[in-house]
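Student: Predicted model, plus sequence, below.
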Amino acid sequence: MRLVLVGPPGAGKGTQAEFIAAHLAVPKISTGDIFRANVSQRTELGIEAKRYMDAGELVPDEITINMVRDRLAEPDAGDGFLLDGFPRTVPQAATLDKMLVDMGTSLDLVLELVVDDDEVIRRLSGRRTCRGCGKIWHVEFDPPTDDAVCDRCGSELFQRDDDKPETIARRLEEYANKTAPLVDYYGAQGKLVGIDATGPVEDVTVRAIDALRSYGG
Ligand code: AP5
């Protein structure tokens, strides 16, 4: 299955992507994770992307699209994938459609995680991420035993630089202006399914998997 997860910052895309990708047995491709890996390795791409990420803005389409094109050409994405955080603009979505046509295939489904801004702010301000295995925690909703240590692998937990209140506000603005139009874009293709992404993580996973099952996933 070829699937896209869309939703505002902090909707739970990364959290759900792990379960959904395991359910579908496809690789999870997160543009945010790829950018953050490049930032921590101080690659040219990372240095360029960091300027935008720290400001809560989207990285320019040309940079992002080329990075995704390379990733989708890797063998593990040949039989399906779950895209988390891409596309995020209508030009990215149109280019993805074209890329897939060139590969003789197309997207199956776009799953939208629906949550309001107040919930997003609560979720992002308490998020902690593991430096080792990437597991996403929340100090209130999914707390590790020790706020600084991952219970899964024992590595250090960190707070993302873009989870500061002023950056969160800018990310929400970017979402409303540039990413929310994808709901109409994919709605017009008949590929969009929206699910309520509030409530416990496990309940959201059940809703997501039920939605996929009704489309053969
Ligand atoms: P990216 O990493 O994609 O950030 P985002 O879309 O803003 O999403 P987040 O990762 O912040 O949130 P999420 O929805 O994954 O939520 P999570 O599961 O962590 O992108 C970062 C930056 O990279 C962008 O700002 C941009 O600069 C750049 N970028 C990336 N892709 C790009 C693109 N295509 N084009 C241009 N630029 C791009 O959950 C959040 C918290 O909530 C966690 O603590 C979690 O434990 C908790 N939580 C999750 N579910 C629940 C629940 N049901 N109940 C309670 N708490 C929950």
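Tutor: Sure thing, it's come through. Residues are numbered from 1 along each chain as shown.
Student: which residues touch D108?
Tutor: Shown in contact with D108 (C-beta atoms under 8 Å, 6 or more residues apart in numbering): M1, R2, L3, K191, Y215, G216, G217. Any C-beta I mention is one placed from the backbone N, CA and C, and that applies to glycine too.
Student: actually L96, not the one I wrote
Tutor: Neighbouring residues of L96 by C-beta under 8 Å, 6+ apart: V4, V68, L83, F86, P87, L107.
Student: The first one: what secondary structure?
Tutor: Meaning V4. Secondary structure, DSSP: H, G, I helix; E, B strand; the rest coil: V4 is strand.
Student: Over to the last one?
Tutor: On the three-state scheme (three-state DSSP), L107 is labelled coil.
Student: again, but for the fourth one
Tutor: Under three-state DSSP, the three-state class of F86 is coil.
Student: Could you report the distance from it to L182?
Tutor: In this view, F86 and L182 are 11 Å apart by C-beta to C-beta, to the nearest Å.
Student: who's more crowded, those two?
Tutor: Neighbour comparison, F86 and L182: the larger count goes to F86, with 23 against 20 (by other C-beta atoms under 10 Å).
Student: quick one: which helix or strand includes whatever residue of the chain ends up closest to the ligand?
Tutor: For the chain, the residue closest to the ligand is G32, as judged by C-beta to the nearest ligand atom, at 2.0 Å. G32 belongs to helix 31-40 when assigned by DSSP states H and E.
Student: What residues sit buried inside that helix?
Tutor: For helix 31-40, a neighbour-count test (16 or more other C-beta atoms under 10 Å) marks T31, G32, D33, I34, F35, R36, N38, V39 as buried.
Student: Rebuild those residues as CSV, extending it with distance to E202 and pLDDT.
Tutor: Output for these, formatted as CSV (distance: C-beta to C-beta, whole Å; pLDDT from 0 to 100):
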residue, distance to E202, pLDDT
T31, 26, 98
G32, 23, 96
D33, 23, 95
I34, 27, 96
F35, 29, 96
R36, 26, 94
N38, 32, 95
V39, 31, 95
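Student: Return the member of those nearest to E173.
Tutor: G32 (17.3 Å; C-beta to C-beta).
Student: so that closest one makes contact with G85?
Tutor: Yes - with contact defined as C-beta atoms under 8 Å, G32 reaches G85; the gap is 4.7 Å.
Student: that older thread, contacts only, for the residue of the chain closest to the ligand.
Tutor: G14, D84, G85.
Student: With the ligand in mind, check whether stretch 168-186 reaches it.
Tutor: Yes - if you take C-beta under 6 Å from any ligand atom as the test, stretch 168-186 does meet the ligand, through R171.
Student: now what about that stretch, what contacts it?
Tutor: Here stretch 168-186 makes contact (C-beta under 8 Å, 6+ apart) with 4, 6, 8-10, 55-58, 87-90, 93, 110, 112, 117, 120-121, 124-125, 162, 192, 194.
Student: re earlier: of all the contacts of G32, which comes closest to G132?
Tutor: G14 (15.5 Å).
Student: That closest one touches K135, doesn't it?
Tutor: No - with contact defined as C-beta under 8 Å, G14 does not reach K135; the gap is 9.7 Å.
Student: Among the contacts of D108, which one has the most neighbours?
Tutor: L3 (25 neighbours).
Student: That one reaches I20, doesn't it?
Tutor: Yes - using C-beta under 8 Å, L3 is in contact with I20, at 7.3 Å.
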